[in-house]
Every structure is written in structure tokens, then in C-alpha cells.
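A.B. asks: whatever this is, show me its structure:
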Amino acid sequence: MKKNILLIFCLLSTLFHAQADCSTALSVCGNSTITYSPTGVGNVSETIGDCITSGEHNSIWYKITIATSGTLTFNLVPTAPDADYDWAIFGPNAVCGNLGSPIRCNAATTIGPGPATGLNMTSTLTSAAGGSLTPYCRYLDVIAGETYYLFLDNWVGALSTTVAPFSLTWGGTATLTTPFTNPVLHPYPFIAPGTPAANPSNPNEVLICNNPSIFNFSVLSPGILNNNQNFIVTYHTTQNDAISGANPITTPISVNITSLYYYSIHYQDPANPNNPMNFCREIGIFKFKLGSFPAYDGSLEACAQDNNANVATFNLNLADVTTQPGVIKSYYSTLAAAQAGTNPISPSTAYVSGPGVVYVKVADIAGCYSIVKITLKITSQVYSTVLKDQVICIDGLATLDAGPGFASYEWSTGATTQVVSGLSVGNYWVKLQTGNCFAMQNVKVLPYTQPIVSSIDISFAKVVVHVKGGKAPYKYSMDNINWQDSNIFTGVKRGEHMVYIKDSNNCHEVNVEITVPNIVNAITPNGDGSNDYVDYSALANKHNLVFTIYDRYGNMMFKADQFKNYKWDGTAGNKKILTGNYWFSFTWNEPKRNNAPIKYSGWILVKNRN
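C.D. replies: Below is the predicted model of the structure:
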């Protein structure tokens, strides 16, 4: 590997790189892959010894702290075919300035593109000098808490200009210390600044208003750190600076849309400034993008207050005016105020206003902004016109329909559908949404009220039934099979009958028992013992039975009740009446059916012979 050596000191092409010295070695963060491009030597051109006899060329030092015991390997792969990496490991617990001899060393000559080298589980060598063809040495057995130093050097020939980055991947069973996988120290994910580029393989993009533009990088820090305490983020213009933490950007600088920029995150133990984890770093890359700020006019609806249909309370933050994440929005009642940035609306979550417009300045952390307007609309509570109280039968269940057209439904039963079924008697409510407005509507399921027979008129073979209550129209029957709309029955035979009635609710029918008396239409009260009187004592079991006789002018001639044994002998005031036709009326209450009033009327011929 070591050819004829011509030492060339390029003091003008590279300043001192502190990370290229043992005393300021970069800390390895966990078992994550390392990438770096070493150039030149550090402040001290250190003597390595063992297999590396020619000193440093393009070097880097790493400090390794073991978190859990086990085996440790690594694989270093250069990105250029003529790169030639040598390396050495010191430890455990070596001290810079007094490192001693390397415990592993390899300066082997490898042939072919991308010559890889490192530690593996199969090699038995602990050292491979220049000229050796074995690029790997034996793995390390390491113990938690131990520290090691790894020296890497890209040796190139006298005429070579190769300064090749490398990729180093850790292996084995041991783990290396890091704060970035500790959920106690790092409970939340770090968030890359900006938004993803159109090509996912490109870095995230942060908007700037002009190109170039003066940019304050510190405005990105809260978003990147995402509430992770005791972490610090710095910004750099090169990857190597980000890896080492060198040359941080500390003041606003001019940036452009072509350069790449880097951020570097490291932990800072508040109790131990020498904690090895303090020197671990995670880095990221981003660039800037020039673009108009994406904002557009929006609208917002709110529900009127109960006592004023022209006033509502608006939460302006709910207005959709941009798809850009992480923006800052300020609201103003006039365009002039928005342009000047004066008298912002506060609080923006409870702005009381009538219908109209407000203006919103939508800005990003870089100060880019757009001013758009929000149209305020007021909606009134809308109630269902089809939802009505419902009557159900004693053993029935109701179905309630609030009607279509509402944005959402919320019933007191917990249902969220337009129609709810299986409801028993009770009081219910439904919350109906129209836009951002909700209306609470009450509805009742009522028990069925049966119709009541108010009276029945009987005239010879004719029966007229009078009904109230329930729900008209009614249907009538005298056999509970054949039903009719008319309340009049004709041709009814004398004797006991049952009249049935049902209303439009079509629940259970009601019935009443009636008696069509055996009427005597003529009497001859002459004392011969035949047809001398009218006798209705057979109806004495009826409640409130009264038998009344009228002349043709409607004058009452006689009234027979229980005291007169419901009989009439053709007299009035103990005097015989004149021969002629007279009207009669029977009234009573049916005791078997809620005392339904019955009226039976007709005429009777009286023949008196002197």
C-alpha cells in the first residue's frame, strides 16, 4: 500500500481541521452509519505507529463509547476506486497524547475499485502492514463503558488528487452510546425543516421570498427540535462542518436557492458537560425554494345567536385559506389594517360580527406572506318540517323521521341517522345540523287514546252511534267483522246487541252493549186486562232509566222512573188522556260499557174509551 512517498504540505488549500486530531475526535453516535470526507491533517500530525509508519495524510479521528458489551466490527467502503484507507484502533480507555500502540491496525494493499477494509468476524489478524493483501482484522470484544479511538487516513500517492468520502457501517453484538435512541432523553421525533420536494430523493425545501435573501436560521430550531429538551441545533454550509459542529451559522446570512444547507443536532447534558453523549450529532440537509406564498380566499359559517339572527360568533382559525403547513395567521377587520399589520382581531377564536368580510395575513417563518379575505356567513337554526308527535297503540313502537337535508343527526337515543325506530311512549329530541348551526327539536311519542261512545239513539229498528275522542274518521260494526263508515244501523232486531267502533289509529276497537226494547205501539187502557198499560220494568237494571211521554206539540205528559216502576197507563195527572198518537223517549246509561248514554224514541197510539 505504501509506495514512494512524497510529502506535500498543502497549507494554503486547507486550514486546520480540529476533528483530525485525537484530542478533538468526533464522537460516534450509536451504531448508525458514518459518512465523511477527510481532507488534510489536524493541528497535530500525530504518530500512529505499528502498521502505519508514514503518518497522517487525509485523516479523521473518532471516539467510540460502548453502551452494551459484545463484539464490535466495522466495514469502511470508499466512494472512489483509487482511495486507499488505512486505520488504527487504540484502547480500551486510551488517553490522547499517551495512546500507546494500536490494538488493531491495517495498512493493507487492496486491489480493485472501492477497496473496503475494517474489522470482521472471520479474520484472525490484529495488524496488517503496508503491502499486506488482507484488508480486514479480527473483531474486538468490548465492555460497556469502555472508550476507544479510531484513526482513519486516506493515503494517496504523490500525484493523486483523490479526496474520497467513505461510508462506515458498524456490526457485531455491542451497541454504542447515543442520546438519539433513548426515549427518556428523546421522547419526540425531530422534524426536518421545510416541505418535501417534488422529487422525494431531493432535500426538503424552505420557502424564501427573494433570491438571494437574508435568512435567520434560528427560526427553524423550535420546529426541528419538536419540544425535545436539552438538545441544541446548529446550522452549517458543509456536511463536514455539520458532522463536526464546526463553523456554525450564528447570525442571519444571505442564502440562495442553489446551495445546500445543513443542520446538526446534539445533546447537552445539563449535569455533565463531559458526558460522551454530548458529542454525538445527527445531521440533516435542506435547501431554499423561491415561490409565491400559497393562500386563497375562504369562507366561514356560524350560527346566529338566539336573540339576534344577524349576529354570530366566528372562530376565524377554522377558515380554510392555505394548504401550507406551519404558517402564521393574523386577522384584521379591514384591508388597510392587514397591510399595515395594525389592530389585529383578538381573540380570533371568538369574533362577534354580522355577515361581511375580514382579512387574514398568512405568513411563514421567513416573512413571506399573502393577504386574502374571509367571507363571513350567518346561518339560522333549521328545524324539521316533517318531524311530528306520534301516537302509538298500547303495545306498539314508533318510528320517527327527521327528514332529509341535514348535515348530521343526533338523537337523544344516541342514534345518528335520519330515521329512528322502536321507540316507546316518551319525550325525545334530535339535534339537527345545517352548516355550522345546530337546532334542537323536541318530539313526543304519545299513547293512543281510545274513542268514547258519547251517546246512542235508538228508534225502533234504527241505531245511531255518536263517538268522540280518538282520531276521526271512525268505522262501525255490529259483528266485529263487517265494518262501515256510517254511524247509522238500520233493520236492527229487538234484543241485546254489541256495537264496535275503531278510529283511524286502527288500534284496538271499543264496544258497547245496547238493548233494542220490545216496544208496544198501542195501548187501550179500559180496564179489561189487555193492553191496559206500557210496562218497561224489564229495563230496570239499566242505570238512570227514564221513560217520558210527550204530546205532538212536545209537551211532557208523563214521566215514569223507578218510583213508578217504569209503567204508564195512558193517564196524565191521574186523568185519562185523549185518544191519539203520542211520542215517547227512553234514556239510560249502559252499565256494562262505561255508562254509555242510550236514547230510544218512537211513537205510541193510545185509545181511551169512556
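
A.B. asks: use CA for all of it now, contacts and neighbours both
C.D. replies: OK.

A.B. asks: okay, and for the stretch 451-600 of the chain, where does confidence drop off?
C.D. replies: Across the stretch 451-600 of the chain, the ranges flagged by pLDDT under 70 are 518-520, 532-533, 537-538, 540, 562-564, 592-594.

A.B. asks: those helices in it, which residues are they?
C.D. replies: For the stretch 451-600 of the chain, helices defined by DSSP state H, counting those that start in this stretch do not occur.

A.B. asks: ok, now the chain?
C.D. replies: Using DSSP state H, the helices found in the chain span residues 221-225, 239-244, 335-340.

A.B. asks: can you say which of the ones you listed is packed in most?
C.D. replies: Among the helices of the chain, ranked by average contacts under mean count of other C-alpha atoms under 10 Å, first place goes to helix 239-244 (a mean of 22).

A.B. asks: per-residue confidence averaged over it?
C.D. replies: The average pLDDT within helix 239-244 is 88.

A.B. asks: what helices or strands is it leaning on?
C.D. replies: With contacts taken as 3 or more C-alpha pairs under 8 Å, 6 or more residues apart in numbering; DSSP states H and E, helix 239-244 sits against strand 34-36, strand 231-236, strand 261-267, strand 281-290.

A.B. asks: contact partners of it?
C.D. replies: By C-alpha atoms under 8 Å, 6 or more residues apart in numbering, the surrounding residues in contact with helix 239-244 are 19, 26, 36-37, 234-236, 247-248, 262-264, 281-283.

A.B. asks: am I right that residue 297 is in contact with residue 373?
C.D. replies: Yes. Here residue 297 reaches residue 373: they are 5.1 Å apart, a contact under C-alpha atoms under 8 Å.

A.B. asks: which one's more surrounded, these two?
C.D. replies: residue 373 (22 against 15; other C-alpha atoms under 10 Å).

A.B. asks: before we move on, back to that, and of the helices of the chain, who's closest to residue 46?
C.D. replies: helix 239-244 (19.4 Å; C-alpha to C-alpha).

A.B. asks: list the strands paired with the lowest-mean-pLDDT helix or strand in the chain, with their directions.
C.D. replies: Least confident helix or strand of the chain, by mean pLDDT, DSSP states H and E, is strand 534-535 with a mean of 72. Sheet pairing of strand 534-535 (DSSP bridges) gives strand 567-568 (antiparallel).

A.B. asks: and the strand it pairs with, how far out from the chain middle?
C.D. replies: The chain centroid and the centroid of strand 567-568 are separated by 87 Å under C-alpha atoms, centre = their mean, to the nearest Å.

A.B. asks: how long is stretch 191-209 from one end to the other?
C.D. replies: Criterion C-alpha to C-alpha, to the nearest Å; first-to-last residue distance in stretch 191-209 is 22 Å.

A.B. asks: picking that back up, winner for burial among the helices and strands packed on helix 239-244?
C.D. replies: strand 261-267 (a mean of 23).

A.B. asks: other residues contacting that strand?
C.D. replies: 179, 230-239, 242-243, 245, 277-287.

A.B. asks: and the angle from that strand to strand 231-236?
C.D. replies: Angle, strand 261-267 to strand 231-236, by axes from the mean of the first three to the mean of the last three C-alpha atoms, to 10 degrees: 150 degrees.

A.B. asks: parallel or antiparallel, which strands does strand 261-267 pair with?
C.D. replies: strand 231-236 (antiparallel), strand 281-290 (antiparallel).

A.B. asks: restrict that strand to CA atoms and write it as CSV.
C.D. replies: Extracted in CSV, the C-alpha atoms of strand 261-267 (Å, rounded to 0.1, in the frame of the first residue of the first chain):
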residue,chain,number,x,y,z
TYR,A,261,-27.5,23.8,3.9
TYR,A,262,-27.1,21.5,6.8
TYR,A,263,-28.4,21.3,10.4
SER,A,264,-26.7,19.4,13.2
ILE,A,265,-28.4,18.3,16.4
HIS,A,266,-26.5,17.3,19.5
TYR,A,267,-27.4,16.6,23.2
